[in-house]
Structure formats: structure tokens, C-alpha cells
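S.K.: starting from these lines, generate the structure:
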Amino acid sequence: MITRHSHNARDGHRLETEIELGGAQVLRISTSKAMGGSLDTRGSVHHAAGGFMRHTLYEDFSSRLLSTRPKRVTQQVVMDQHREVLSQLDEVKLAVEMHYQQREQAKAGKEPIHA
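M.R.: Modelled structure (predicted):
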């Protein structure tokens, strides 16, 4: 698990953690201020291939895991929310697993996709 912190004047503080899931899959969890002013933590799965990370829209897992509206989006607030989501990593991994199981079932024609 690798966590990176960045900051810039426009977007403020951002934390991103990468967790290897196996099979060249990487779960990225990022926490940053969204355009509407909320503080969002999102999770998405990417595939490592040829030195690049690939994420396919509407196929790969992507979800807003937590959204709050703090009075100020300080580094500490971003860190606290990011840690809160990481403390629920088992639940996030389960959601990822269920997402891909549903996709496989849909490909096999067993049931419709509910993304």
C-alpha cells in the first residue's frame, strides 16, 4: 500500500493510496475537494499493463466511497477522511469483488448489470 500527498493552489490537498489486488489490478483510493465544495473519497480499479495504468469507464469499478462538507478542507481534514475510508478497506474490497462478479454474470447472460 502506497499513499501520496499533493497540494496545489487550485485543488488544495489530495491524498491517493494504491492497493495491489492481484492479477495486475490496483485499487486507487483518493480524497480531495470536489468542484461543488464537498470533500470526496473515491475508489477506482486500474489495470497495470506495459508500464501504464488503464481504467475502462463503465466496466471497471469506480465509486464515491464517502462525501462530506467540512467547513474548511485542511490537510488534517483530508487525512482524517482518507484514514476513515482506509479503515473500511475490507468492505471496499468486497464491493470491488461484487462489481466484477456481476460483470462476469452479465457477460454469461445470467443477469443484468446493476452498476
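S.K.: in the longest helix along the chain, what counts as buried?
M.R.: If you go by DSSP state H, the chain has its longest helix at helix 89-107. For helix 89-107, a neighbour-count test (16 or more other CB atoms under 10 Å) marks V92, V96, H99, Q102, R103 as buried. Heads up, the C-betas are built off the backbone N, CA and C, glycines and all.
S.K.: again, but for stretch 44-57
M.R.: Quick answer for stretch 44-57 (16+ other CB under 10 Å): S44, V45, H46.
S.K.: name the nearest of those relative to M53.
M.R.: Nearest to M53, judged by CB to CB, of those is H46 at 4.2 Å.
S.K.: what bridges to that closest one?
M.R.: Assessed by DSSP bridges, H46 has beta-bridge partners V26.
S.K.: my guess is it meets F52, correct?
M.R.: No. At 9.2 Å, H46 does not count as touching F52 under the criterion of CB atoms under 8 Å.
S.K.: who's in contact with M53?
M.R.: V26, H46, H47 (CB atoms under 8 Å, 6 or more residues apart in numbering).
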